[in-house]
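*Asks:* when you get a sec, could you give me coordinates for this:
(one chain, ligands or ions: 2)
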Amino acid sequence: MNTNRLRLALTKGRLQDKSVELFEAMGLDGSPIRNPGRRLIHSIPNYPLDAVLAKAPDVITYVEHGVCDLGIVGKDTILEQGKSFYEVLDLGFGRCRFALAVKEGSDFYGTYKTRRIASKYPNVARAFFEKKGMDVDIIKIEGSVELAPILDLADAIVDIVETGATLRENGLTPIEDVAQVSARLIVNTASMKLYQTEIEDFIARCEAELEKRK
Ligand SMILES: Nc1ncnc2c1ncn2[C@@H]1O[C@H](COP(=O)(O)OP(=O)(O)OP(=O)(O)O)[C@@H](O)[C@H]1O
Ligand SMILES: O=P(O)(O)OC[C@H]1O[C@H](OP(=O)(O)OP(=O)(O)O)[C@H](O)[C@@H]1O
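*Replies:* Ligands and ions are numbered 1, 2, ... in the order given. Prediction:
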């Protein structure tokens with residue numbers, strides 16, 4: 001973090017291209033992030049902002065610690081990691097949902113045994129079942145969570161569903177929505193005070209573009 005330029009942590013991968021599209025629509029030159037090579041920090045040439053490319057959970061870590069003033073991250077990661085920053089805007093892209101899914105034909109609620117739930121998002125899964133007052137065993141899986149019910153490691157999964165293709169192609173079916181997900185703009189609480197003018201300018205540009213998209 002420095003006083004002349006804002007630093008924004010940007011989730012690499014699926015949210016990256018849409019974020020750059022948004023920046024460009026806001027009048028920022030996104031070309032360094034369009035062609036990043038292996039470089040992880042990129043200065044926007046025509047706006048006082050440096051973009052840091054990071055994995056989603058790390059975006060939150062950098063913003064919480066104040067080494068980045070702003071971040072773009074999915075609501076999924078925010079729900080999983082908790083929140084000690086400002087969540088200022090729903091950016092409208094990266095839309096998907098958390099769903100509870102089971103093997104086609106399986107009767108998830110029709111048994112009294114403790115269900116095993118596999119998820120890359122154990123806190124989201126735990127909170128969902130706590131709200132229902134259901135005692136479940138949560139198994140943390142790092143990716144391709146759909147494997148867990150197929151391999152009989154779990155009775156169900158809580159995972160991100162976008163088109164539903166991954167569930168379908170693996171013989172699974174969603175039985176309940178858990179939460180809606182989209183990309184969010186987040187701001188470190190101290191930065192919001194220290195760099196209020198600069199951050200407000202960035203947020204206003206974002207809002208103006210999002211308004212046009214409605
Ligand atoms: N179909 C989808 N699957 C996963 N994430 C999605 C999807 N659609 C939108 N997203 C959003 O994109 C964000 C980044 O996902 P991405 O798959 O690029 O990284 P990741 O989940 O950290 O996986 P990886 O470990 O493969 O990099 C997610 O946190 C979520 O907010
Ligand atoms: O509904 P769909 O459009 O099929 O998208 C959902 C899939 O995409 C994500 O996986 P990702 O590709 O990020 O891999 P991962 O399982 O290793 O996280 C998610 O975990 C689902 O598996």
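*Asks:* quickly find the element holding Glu80.
*Replies:* Assigned by DSSP states H and E, Glu80 belongs to helix 75-81.
*Asks:* what about dumping the CA coordinates of that helix to PDB?
*Replies:* C-alpha atoms of helix 75-81 as PDB (Å, rounded to 0.1, in the frame of the first residue of the first chain):
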ATOM      1  CA  LYS A  75     -19.100 -13.900  -2.700                       C
ATOM      2  CA  ASP A  76     -18.300 -17.700  -2.300                       C
ATOM      3  CA  THR A  77     -14.900 -16.800  -0.800                       C
ATOM      4  CA  ILE A  78     -16.300 -14.100   1.400                       C
ATOM      5  CA  LEU A  79     -19.000 -16.400   2.800                       C
ATOM      6  CA  GLU A  80     -16.300 -19.100   3.500                       C
ATOM      7  CA  GLN A  81     -13.600 -16.800   5.000                       C
END
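*Asks:* need the contact partners of it.
*Replies:* For helix 75-81, the surrounding residues in contact (CB atoms under 8 Å, 6 or more residues apart in numbering) are 11, 56-57, 59-60, 87, 90, 96, 98, 121-124, 127, 160, 179-184, 186. C-beta: built from backbone N, CA, C; applies to glycine.
*Asks:* ok, and which of these reach ligand 2?
*Replies:* The overlap between the contacts of helix 75-81 and the neighbours of ligand 2 (CB under 6 Å from any ligand atom) comes to Ile160.
*Asks:* show me the contacts for the residue nearest the centre of the chain.
*Replies:* Closest to where the C-alpha atoms of the chain average out (CA atoms, centre = their mean) is Gly74, at 1.7 Å. For Gly74, the contacting residues are 11, 15, 56, 94, 181-184, by CB under 8 Å, 6+ apart.
*Asks:* who's it bridged to?
*Replies:* Per DSSP bridges, residues listed as beta-bridge partners of Gly74: Ala183.
*Asks:* returning to what we had before: farthest-apart pair in the contacts of Gly74, please.
*Replies:* Within the contacts of Gly74, Ala56 and Ser182 form the most distant pair, 13.2 Å apart (CB to CB).
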